[in-house]
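J.: Sharing a model prediction with you, sequence too.
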Amino acid sequence: MTTIDSIPVVVGGPSLPQERRLVTAIPGPRSQELMDRKAAAVAAGVGHTAPISAVAAGGGVVVDADGNSFIDLGSGIAVTGVGNSHPAVVAAIQDQAARFTHTCFMVSPYEGYVAVAEALNRVTPGDFPKKSALFNSGAEAVENAVKIARKFTGKSAVVAFDHAYHGRTNLTMALTAKSMPYKSGFGPFAAEIYRAPMSYPYRDGLSGADAAAKAISVIEKQVGAANLAAVLIEPIQGEGGFIVPAEGFLEAISAWCTASGVVFIADEIQTGFARTGAMFASEVLGIVPDLITTAKGIAGGLPLAAVTGRAEIMDATHVGGLGGTYGGNPIACAAALAAIDAFEHDGLVERAREIGDLVLRRLAAMQAADPRVGDVRGKGAMVAIELVEPATGEPDAALAGAVAKSAIAQGVIVLTCGTYGNVIRFLPPLSIGDDLLNEGLDVVAAALAGA
Ligand code: PMP
């Protein structure tokens, strides 16, 4: 079959019934049919977390073709912060699609792109003149931030950190730390990338100041500020395990960059747009980056990404050095303007904090009752548990995998992460209600107890 005729039409968005509902085993027959077609038609390297055929989503649920309704604790990896098919985002997309779908901003510019740049310059941290450039994906934004920093400084080296994730393109694979599955077999990687130790309070036991001193020593001895264009860091690491650095770590690294003529780039692709209980995690952690990369939550699910930062750095590149056919697509820009408006005016920053309080309280109770929960950490609606062997503190990836699998079978979509694969992360859409959130956590707690 090569059509989607078999899939029933269900309208998504916040009006979908907000309930967990299992009417078949997971995967149900229609989902299984899609899994079979996927296996036959889609390259094996493209994996999936939940073996379902999604047909609608909104509020805090994802509905599959068999009529099962899942509680969404993943937001499509931190994308649908405003909620799936947010009405204002849908209206903006429909309106823009009816006007024009593409001109290429580099050929015939349009207002939406400029308005998104203005909005990003306004909402990102830093009380100085800023400029932005738009791209299609997070990895592409990171690549361009590195290009811009190199051009501005005239230097080539870039420092990234242990446990970092920055994407799957060639340069971003080099910046990403974890080999399997992101890099293994895909080299050779881009040159002039160096790795520094990350502050990981649960595992290194260091204060922020000590962890920063250690990282700065590595940077000075193994690279040298004279060769270094940029330090690139996720304020809270995402794929690496929701690692929140010890207090003072980021400030110290950022201050060293400023004193050393090195561009400090915060990768806020996963942490951005209200997720951590502020518009950007940099605000929560007390830093003002020179450049910020954004994507994911920016446009309510449409592919859009950006580099935003100090105007003098952003303007260092010659005309034609930045861009791309689709970067800042008009429909994605219309969606972003609606999404950013929702983040600013629908109380979503406050909602992220409330979600964080609720989830952290529930996870702390789980930790108190179960020594396999080694650590509970996170900010706002970006929180996680790290599962370990209680006697040794060794990472327990098998347990994390089993808990996630069991939760999905019970109708709750949760994601794992971490260099050691032993972290369960909670990234609910900010449109989820407390009842659904509590029910989702009940299911995860039961999955853990039963594992
Ligand atoms: N940086 C970070 C911090 C990310 O979390 C991701 C995606 N998980 C990326 C970069 C890459 O983004 P994309 O998948 O859109 O290329």
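T.: The structure has been received and is ready for your questions.
J.: Grab the most central residue of this protein for me.
T.: For the chain, the residue nearest the mean C-alpha position is Gln270 (2.2 Å; CA atoms, centre = their mean).
J.: ok, now which ones touch Leu250?
T.: Leu250 is in contact with 208, 233, 235, 285-287, counting by CB atoms under 8 Å, 6 or more residues apart in numbering. All C-beta spots, glycine's among them, are computed from the backbone N, C-alpha and C.
J.: Can you tell me which of the residues you listed are classed as buried?
T.: 208, 233, 235, 285, 287 (16 or more other CB atoms under 10 Å).
J.: give me the number of residues near Gly248?
T.: Gly248: 17 surrounding residues under other CB atoms under 10 Å.
J.: ok, it - contacts?
T.: 207-209, 212 are the contacts of Gly248 under CB under 8 Å, 6+ apart.
J.: Over to Ala352?
T.: Per CB under 8 Å, 6+ apart, neighbours of Ala352: 81, 274-277, 380-381, 430.
J.: Break this structure into its domains for me.
T.: Domain segmentation of the chain under automatic domain parsing yields 2-85+348-450, 88-345.
J.: can you redo the ones you listed as a markdown table with distance to the ligand?
T.: Putting the domains of the chain into a markdown table (distance: least, CB to the nearest ligand atom, whole Å) gives the following:
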| stretch | distance to the ligand |
| --- | --- |
| domain 2-85+348-450 | 6 |
| domain 88-345 | 2 |
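J.: Return the most buried member of those domains.
T.: domain 88-345 (a mean of 20; mean count of other CB atoms under 10 Å).
J.: For that one, what does the pLDDT average out to?
T.: For domain 88-345, the mean pLDDT works out to 98.
J.: which residues does Trp256 contact?
T.: 212, 216, 219, 262 are the contacts of Trp256 under CB under 8 Å, 6+ apart.
J.: So which of the residues you listed belong to strands?
T.: Among these, no residue falls in strands (DSSP state E).
J.: Can you give the contact residues for stretch 169-180?
T.: With CB under 8 Å, 6+ apart as the test, stretch 169-180 has contacts from 139-140, 142-143, 146, 158, 160-168, 182-183, 186-187, 189-191, 193, 195, 232, 239-240, 419.
J.: so how far is it off the chain centroid?
T.: Distance, stretch centre to chain centre, for stretch 169-180: 16 Å (CA atoms, centre = their mean, to the nearest Å).
J.: start to end distance for that stretch?
T.: Distance across stretch 169-180, first residue to last, is 15 Å (CA to CA, to the nearest Å).
J.: likewise stretch 12-24?
T.: First-to-last residue span, stretch 12-24, CA to CA: 20 Å.
J.: Let me see the mean pLDDT of it.
T.: 95.
J.: still on that earlier bit, would you list the contacts of Ala352 in CSV and tack on secondary structure and distance to Ala97?
T.: Formatted as CSV, the contacts of Ala352 follow (DSSP: H, G, I helix; E, B strand; the rest coil; distance: CB to CB, whole Å):
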residue, secondary structure, distance to Ala97
Gly81, coil, 22
Ala274, coil, 26
Arg275, coil, 27
Thr276, coil, 32
Gly277, coil, 33
Gly380, coil, 32
Ala381, coil, 30
Leu430, coil, 25
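J.: Break down the stretch 351-451 of the chain into its strands, ranges please.
T.: 373-379, 382-387, 412-413, 415-417, 423-426 (DSSP state E, counting those that start in this stretch).
J.: before we move on, back to that, redo the contacts of Gly248 as JSON lines? Include secondary structure.
T.: Formatted as JSON lines, these follow (DSSP: H, G, I helix; E, B strand; the rest coil):
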{"residue": "Ser207", "secondary structure": "coil"}
{"residue": "Gly208", "secondary structure": "helix"}
{"residue": "Ala209", "secondary structure": "helix"}
{"residue": "Ala212", "secondary structure": "helix"}
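J.: Tell me the one among those nearest to Leu34.
T.: Relative to Leu34, the closest of the contacts of Gly248 is Gly208; by CB to CB it sits at 46.8 Å.
J.: Thought Ser254 was touching that closest one, still the case?
T.: No. Using CB atoms under 8 Å, Gly208 makes no contact with Ser254, being 11.7 Å away.
J.: What are the phi and psi values at Ala177?
T.: Phi and psi for Ala177, reported as degrees, to the nearest 10, are phi -90, psi -40.
J.: measure it to Val414 for me?
T.: 23 Å (CB to CB, to the nearest Å).
J.: Could you do Glu33 as well?
T.: 24 Å.
J.: Okay, Leu363 and Ala115: tell me how far apart.
T.: From Leu363 to Ala115 the distance is 39 Å (CB to CB).
J.: And the strands in the stretch 201-350 of the chain?
T.: Under DSSP E, counting those that start in this stretch, the stretch 201-350 of the chain gives strands at 228-233, 263-267, 291-294, 305-310.
J.: Check the stretch 51-200 of the chain too.
T.: 54-58, 61-64, 69-72, 130-135, 157-161, 193-196.
J.: now the fourth one against strand 305-310, angle please.
T.: With axes from the mean of the first three to the mean of the last three CA atoms, to 10 degrees defining the directions, strand 130-135 sits at 160 degrees from strand 305-310.
J.: Distance from the chain centre to strand 130-135, please.
T.: 19 Å.
J.: Other residues contacting it?
T.: Under CB under 8 Å, 6+ apart, the answer for strand 130-135 is 105, 113, 116-117, 120-121, 124, 141, 144, 148, 295, 304-311, 314-315, 322-324, 327-328, 333.
J.: okay, the contacts of Trp256 in TSV with distance to Pro27 next?
T.: Converted to TSV, the contacts of Trp256 look like this (distance: CB to CB, whole Å):
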residue	distance to Pro27
Ala212	47
Ile216	49
Ile219	48
Val262	49
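J.: Off-centre distance for stretch 124-135?
T.: The answer for stretch 124-135 is 19 Å, by CA atoms, centre = their mean.
J.: oh sorry, the question was meant for stretch 40-47
T.: 23 Å.
J.: And stretch 239-256, by the same measure?
T.: On CA atoms, centre = their mean, the centre of stretch 239-256 falls 17 Å from the chain's centre.
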